[in-house]
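[1] turn this into a model:
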Amino acid sequence: MTAMTDRALLRLHVEAVWQISLPPLERANVELSNTAKLPPWALYQAHLKGDQVIIWRSEMTHAERDDLLVRAARAGDAFDAAIGMRREVVLRHVGARNSILPKSTPEARLLMADDAASIEAFEAGTAEYFLDPLHAPCFGVFADGRLVSVAHSSAHTAAARELGINTLPEARRRGYAVTATRAWTEAIERGGLTPIYSAFAHNVASLHLAAACGYERVSESVYGPVSDADK
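    Numbers count the residues shown, from 1 in each chain. Next up, the predicted model:
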């Protein structure tokens with residue numbers, strides 16, 4: 001089987017997160033049609049290995065594009081509302097496992113309707129969300145009878161699923177997120193789909209988790225303009 005190119009995986013990520021349809025990312029500059037569903041940003045600039053792809057909303061003028069590129073270059077890892085550009089890292093699963101967990105670490109299991117109360121105790125008001133088939137598969141890790149970490153499909157296309165991982169603050173750095181992420185990744189691959197991991201560039205803990213679960217960087221990207229509330 002031919003390995004998926006970085007550009008193809010990046011395309012899956014953008015389509016999954018913003019639920020838009022992209023043309024093949026075959027050129028350095030890609031235009032989004034005004035007749036299609038559009039993302040909240042006007043510029044998505046992806047730095048791949050020795051390569052670059054820029055996705056534009058087509059209504060942007062030359063002056064607006066120049067301004068956005070300047071703002072993208074100024075953007076730091078942490079979001080600055082004055083600049084309005086957000087940096088993220090997109091990763092692919094390569095299969096290696098870069099951390100060994102203690103044998104006492106609980107295993108992850110699929111969460112079912114019977115787990116609704118445990119999910120509500122984990123995060124109030126989220127049982128319906130996590131148990132929605134659109135977010136399947138949803139794996140949880142229990143410690144001392146309490147749900148402490150949940151991995152689910154936060155975004156999707158017909159060909160891919162993107163990871164969402166939540167862990168209680170007091171339960172972090174104990175291997176629970178690694179266990180949940182690995183279980184979710186294996187389930188996605190068994191289903192013949194592509195697992196994708198992305199994180200904001202400032203989220204060092206999430207990037208460390210990705211490495212521990214065998215994900216490697218595909219793209220370091222910046223997009224905007226967006227507000228702090230936007231993805």
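[2] and Trp184, what does it touch?
    Ala108, Pro137, Phe139, Ala151, His152, Ser153, Leu163, Ile165, Pro195 (Cβ atoms under 8 Å, 6 or more residues apart in numbering). Heads up, the C-betas are built off the backbone N, CA and C, glycines and all.
[3] the helix or strand bottoming out on mean pLDDT in the chain: which residues count as buried?
    Lowest by mean pLDDT, DSSP states H and E among the helices and strands of the chain is strand 29-32, with a mean of 93. Of all the residues in strand 29-32, those buried under the rule 16 or more other Cβ atoms under 10 Å are Val30, Leu32.
[4] so what are the sheet partners of that strand and their directions?
    Here strand 29-32 is paired, per DSSP bridges, with strand 51-57 (parallel).
[5] how far does the strand it pairs with sit from the chain's center?
    19 Å (Cα atoms, centre = their mean, to the nearest Å).
[6] any idea of the mean pLDDT for that strand?
    Mean pLDDT, computed over strand 51-57, is 95.
[7] got the contact list for that strand?
    With contacts defined as Cβ under 8 Å, 6+ apart, strand 51-57 is touched by 6-7, 10, 14, 22, 25, 27-32, 34, 38-39, 41-46, 65.
[8] right, and the helix or strand after that strand?
    Once the chain leaves strand 51-57, the next helix or strand it forms, by DSSP states H and E, is helix 62-74.
[9] now that next one - C-alpha only, CSV.
    The C-alpha coordinates for helix 62-74 follow below in CSV (Å, rounded to 0.1, in the frame of the first residue of the first chain):
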residue,chain,number,x,y,z
HIS,A,62,-3.5,41.1,-2.8
ALA,A,63,-3.2,43.7,0.0
GLU,A,64,-5.2,41.6,2.4
ARG,A,65,-3.1,38.5,1.6
ASP,A,66,0.2,40.4,2.1
ASP,A,67,-1.1,41.6,5.5
LEU,A,68,-2.2,38.1,6.6
LEU,A,69,1.3,36.7,5.6
VAL,A,70,2.9,39.4,7.7
ARG,A,71,0.7,38.6,10.7
ALA,A,72,1.3,34.9,10.3
ALA,A,73,5.0,35.5,10.4
ARG,A,74,4.6,37.5,13.6
